[in-house]
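**Q** okay, here's the prediction I keep looking at, along with the sequence it came from:
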Amino acid sequence: MRSTEHLRELCARLLSAQEEERRRIAHEVHENLAQAMIAIQFRVETALNEMTGDGNTKALELLEPVVAILQEGIGSIRRITGRLRPSVLDDLGILPAVSRLLKDVMSNHPGLSIEASLEVEERDIPEALKMVIYRILESAVCSILKKNPYGLVAISLLREGPLITLAIRNNGEGLVSEEILPGCEIQGWSAPATIGERAMLSGGALTLASRKGDGTTMQISWSLDDGTNPVAG
């Protein structure tokens, strides 16, 4: 029993270290590469504004596409760093981060309808649990998109007494995964391994239920009054 608890603690620390590394890489890429590309874009645009006259026609033709290429590259960097570590989570908190994530998903996948109910205060969620919830939700939505990008998804995050509960329900097979986590399979349905692992390592209790014709519901609850501290992952 003690060895199992020790192993869980080590795994949780590993997940936490991975998140910290993601944060560091995202920061360095943004502060160095992105800023350098923005500076180059500015100089190219300045040069274009200074170049007038027929003698510069060829140079203008060569330089004008560079601005668009730089803009695309800067946008790609921002998307990559956002996936590595969403800055809105650090700057504003879990609730704005979840709202931004779902808004981006619906914007990029208009066939998917998402109904979200966030009945919790920012202060109710321990700092260590915020990234756990974000990553679980991110993984679940990704799994749904792979299987059923045109369905309906209902998401709720709430606090009831000592419990923080995240529930995700979809009307298809979007939460089915080829990666089956032992103990999390019910009637052929399974939670993606990363979700089950994060739930377990953060002290959460995961339940998965499905009914033919009625979709699948995944629920994860964390108790905040049992003396445990959820570990970021």
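**A** Received the coordinates, thanks. Numbering: from 1, shown residues only.
**Q** would you confirm that Glu64 contacts Leu48?
**A** Yes: the pair formed by Glu64 and Leu48 meets the contact definition of CB atoms under 8 Å, at 6.6 Å. The way it works is simple: take the backbone N, C-alpha and C, and place the C-beta from them, glycine included.
**Q** which ones are touching the most centrally placed residue in the chain?
**A** With distances taken as CA atoms, centre = their mean, Glu138 lies nearest the centre of the chain, 3.9 Å away. If a contact means CB atoms under 8 Å, 6 or more residues apart in numbering, then Glu138 has Leu101 as its contacts.
**Q** what do you get if the cut-off is 10 Å, keeping everything else the same?
**A** For Glu138, the contacting residues are 83, 86, 97-98, 101, 105, 194-195, taking CB atoms under 10 Å, 6 or more residues apart in numbering as the criterion.
**Q** and for Ala167?
**A** 117, 154-158, 207, 217-221.
**Q** mind putting those residues into TSV with secondary structure?
**A** Below are the contacts of Ala167 laid out as TSV (DSSP: H, G, I helix; E, B strand; the rest coil):
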residue	secondary structure
Ser117	strand
Ala154	strand
Ile155	strand
Ser156	strand
Leu157	strand
Leu158	strand
Thr207	strand
Thr217	strand
Met218	strand
Gln219	strand
Ile220	strand
Ser221	strand
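**Q** quick one: low-confidence parts of the protein?
**A** 1-21, 26, 30, 52-55, 172-193, 211-214, 226-233 (pLDDT under 70).
**Q** show me what the closest residue to Ala205 other than its chain neighbours bridges to in the sheet.
**A** By the measure of CB to CB, 6 or more residues apart in numbering, the closest residue to Ala205 outside its immediate chain neighbours is Ser221, 5.2 Å from it. According to DSSP bridges, Thr165, Ala205 are recorded as the beta-bridge partners of Ser221.
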